[in-house]
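Student: Sharing a sequence plus its predicted fold:
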Amino acid sequence: MDELDRLDVQKNSGRHSSRPVLKSVLSGKSTPRGRGSPSFRRLNSSPIARRDGRTNGFNTDCFRSNRILLWLLLITLWAYAGFCIQSRWAHGDNKDGIFGGNDEIEKGFELSVSNDVLTDDIMIDVNQSDVKTMNMSHMAREMNGSHGVSHTVLSVRKRRKRSKRSSKRLNKKKALETKNNNEVEVQEEIPQTNATYGMLVGPFGSIEDKVVEWSPVNRSGTCDRKSQFARLVWSRKFVLIFHELSMTGAPLSMMELASELLSCGGTVSVVALSRKGGLLSELSRKKIKVLDDKDKLSFKAAMKADLVIAGSAVCASWIEQYLDHSVAGTRQLVWWIMENRREYFDRSKLVLNRVKQLVFLSESQSKQWMSWCEEENIKFKSLPSIVPLSVNDELAFVAGISCSLNTPAFTTEKMLEKRLLLRKSVREEMGVKDSDMLVMSLSSINPGKGHLLLLESVHQAAMKTPSGMIDDGQKFKKMLRGIEEKKGSDIKLLIGSVGSKSNKVIYVKSLLGFLSNHSDLQHSVMWTPATTRVASLYSAADVYVINSQGIGETFGRVTIEAMAYGIPVLGTDAGGTKEIVEHNVSGLLHPTGHPGTTILSKHMQYLLENPSERQRLGFEGREKVKKMYLKKHMYKIFWQVLYNTMKVK
């Protein structure tokens, strides 16, 4: 370095020493320079000169670098955003929950999880909060680079973790509900740990398979290939409309129809307007196709089918839309209505006369609907048909009635023996003695089925038994004296179907309230979950009660199923029940409402004291089923309906 340069450096260093040096707000290496490149060549190339250039943050070279300017803008924006976020959070301005850490939502969510009560609003808020928080954290990491994280980012990350944990709990809860929906309903409706409410028993599918040594999973098709129904169905396409997939009368009947059409060589597709219930897995097991769509795709499938069959009055909305979308020649539709209340008629009346064929379950139902149609001035081109339900082959097989499932190894005589073994095994599992009379009622639990009135009748009947007429104080005195009470017979009541999507929770709670106020029934009432494996339940029962109120049961498939197992039926003198049950021949009838409560109580007491009468009534009912209500009887009638509707040449 020459003398002139040294003087210049000393002069510059003296000038800077008189004021503070501005340090760069940025760190890191400067822009790389190519060795020998003309654009990066300086006159002063000493180390001191280069350091001086870096220390001045407002040097014009900094503004020439787009990278540095971008970093300055990003840091400024992030600082401003952080300030706004902290300010709004500190003042509680989080009404929309956009910051993902709303304490009220989190507390409400945690409380709802602990109580097993989840609302859709909370679930939606938690999910949206989780997504937005994750987006903010991702933006914070990009702005901040690989260096230190601000307090705001740490706070957002903590809230994200809390929200993520809540989301995991929510997903776990939803997965549990999806996996075993029936068990969730059972826990909500019927406490299993409180003896005041009785106990939950069943289902007994595993016991049934073990004793009977046969499972529905392994059975082959049940179609009678020589029947007219099979010849009509072969190679034709059908679309069946389910209003829901619950384990109740209408969906079960439609599932059995779909299974029969499929086994007879038809092509079957199912449209489920609601997927509530547990039949989806059953449909899958039976290899019945369920369409994912219930709108346009289902309309296209229906127009390509040879026949559409709707299985409930609730299908009215779908039918109306389909008729509007379809073209001439594709409106071959049978509407099999299985309800008998005015509210269902009002829902259906606008399209009743637009379908090809109306079908009812019983004479009383048909007359009731026709009278409503006269009131509304609705006229039909053809009269409705009546197709009553039937006992399917799986139940008839276990009941010991000849059907398509019988083989040389499983004759009717052999199945009667196995049914007695099944009865013994299931009653032992329930804790029911041989001398006890097991009364059963299987249906959805709602006011129309009359369960509360049934409980009152059971309570009255129990109080009239020898054991019920003695109070607890007298029993205790007898025990102290060493007097052994005579072994008597008790009434046991089994109520189903717990967990059904058709149950009314408020009504279930009223039943539980009645039982809690009548502790004498705590050992007399049992509950069973909704299931399709009911052969074991019928085998164990002694009496069946169908206590439908109002205008009565439309038909009552459970009624003929109980009769097939030789069980006497105690039913209301209304609706389709009085068409099936002949008073004092195959069962005993009582009035609807509270006047029928006392009479039903007397009927139960009478059958408790007279086992021979139970056998007589049960035998007559079983013979009637064999003559009128087997599967072959139903499909013989159904064949005529399908033949007329499809106009087969």
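Tutor: Right, received. Where do you want to start?

Student: For the nearest residue to R341 once chain neighbours are set aside, give its distance to L350.
Tutor: The shortest distance from R341 to any non-neighbouring residue, by CB to CB, 6 or more residues apart in numbering, is to G550 (6.9 Å). Glycine gets a C-beta too; all of them are placed from N, C-alpha and C. G550 is 24 Å from L350, where distance means CB to CB, to the nearest Å.

Student: And stretch 622-638, what's buried?
Tutor: Neighbour-count burial for stretch 622-638, with 16 or more other CB atoms under 10 Å as criterion, is recorded at R622, K624, V625, K626, Y629, L630, K631, H633, M634, Y635, F638.

Student: Looking at those, spot the one nearest R225.
Tutor: Using CB to CB, the shortest approach to R225 within these belongs to Y635, at 12.6 Å.

Student: for that closest one, what are its contacts?
Tutor: S227, F229, E260, S390 (CB atoms under 8 Å, 6 or more residues apart in numbering).

Student: In three-state terms, label it for me.
Tutor: Here Y635 is helix, with the state taken from DSSP: H, G, I helix; E, B strand; the rest coil.

Student: what about it, distance to G266?
Tutor: 13 Å.

Student: what's in contact with the strand or helix carrying E561?
Tutor: Assessed by DSSP states H and E, E561 sits inside helix 557-564. Here helix 557-564 makes contact (CB under 8 Å, 6+ apart) with 249, 252-253, 389-391, 395-396, 399, 401, 440, 442-443, 534, 538, 541, 544, 546, 553, 569, 571, 577, 580-581, 586-587, 618, 621-622, 624-625, 629.

Student: That helix: which residues count as buried?
Tutor: R557, V558, T559, I560, E561, A562, M563, A564.

Student: now it: mean pLDDT?
Tutor: The pLDDT scores in helix 557-564 average 97.

Student: And stretch 437-454, by the same measure?
Tutor: For stretch 437-454, the per-residue pLDDT averages 96.

Student: Domains in the protein, by residue range?
Tutor: Per the record, the chain has its domains at 228-390+637-646, 420-464+489-629, by the TED database.

Student: Can you tell me which of these is nearest to I68?
Tutor: domain 228-390+637-646 (55.5 Å).

Student: Low-confidence ranges, the stretch 51-200 of the chain, go.
Tutor: 51-65, 82-198 (pLDDT under 70).

Student: if you set the cut-off to 50 instead, what comes out?
Tutor: 51-58, 60, 62-63, 87-159, 173-174, 176-188, 193-196 (pLDDT under 50).

Student: hang on, E553 is in a helix, isn't it?
Tutor: No - checked against three-state DSSP, E553 lies outside a helix; its state is coil.

Student: who are the neighbours in contact with it?
Tutor: N340, I546, T559, G571, T572, A574, G575, G576, T577 are the contacts of E553 under CB under 8 Å, 6+ apart.

Student: Strands - which of the residues you listed land there?
Tutor: I546, G571, T572 (DSSP state E).

Student: Run the angle between the strand or helix carrying R616 and helix 557-564 for me.
Tutor: Per DSSP H and E: R616 is located in helix 611-628. Between helix 611-628 and helix 557-564, the angle comes out at 110 degrees (axes from the mean of the first three to the mean of the last three CA atoms, to 10 degrees).

Student: Can you dump the C-alpha atoms of helix 611-628 in PDB for me?
Tutor: This file holds the C-alpha atoms of helix 611-628, laid out as PDB (Å, rounded to 0.1, in the frame of the first residue of the first chain):
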ATOM      1  CA  PRO A 611     -98.900 -73.300  31.200                       C
ATOM      2  CA  SER A 612    -101.100 -75.700  29.300                       C
ATOM      3  CA  GLU A 613    -103.100 -72.700  27.900                       C
ATOM      4  CA  ARG A 614     -99.800 -71.300  26.600                       C
ATOM      5  CA  GLN A 615     -99.100 -74.500  24.800                       C
ATOM      6  CA  ARG A 616    -102.600 -74.600  23.300                       C
ATOM      7  CA  LEU A 617    -102.600 -71.100  22.000                       C
ATOM      8  CA  GLY A 618     -99.100 -71.400  20.800                       C
ATOM      9  CA  PHE A 619     -99.900 -74.600  18.800                       C
ATOM     10  CA  GLU A 620    -102.800 -72.900  17.100                       C
ATOM     11  CA  GLY A 621    -100.800 -69.900  16.100                       C
ATOM     12  CA  ARG A 622     -98.000 -72.000  14.700                       C
ATOM     13  CA  GLU A 623    -100.400 -74.000  12.500                       C
ATOM     14  CA  LYS A 624    -101.900 -70.700  11.200                       C
ATOM     15  CA  VAL A 625     -98.400 -69.500  10.200                       C
ATOM     16  CA  LYS A 626     -97.700 -72.800   8.400                       C
ATOM     17  CA  LYS A 627    -100.900 -72.300   6.400                       C
ATOM     18  CA  MET A 628    -100.700 -68.600   5.600                       C
END
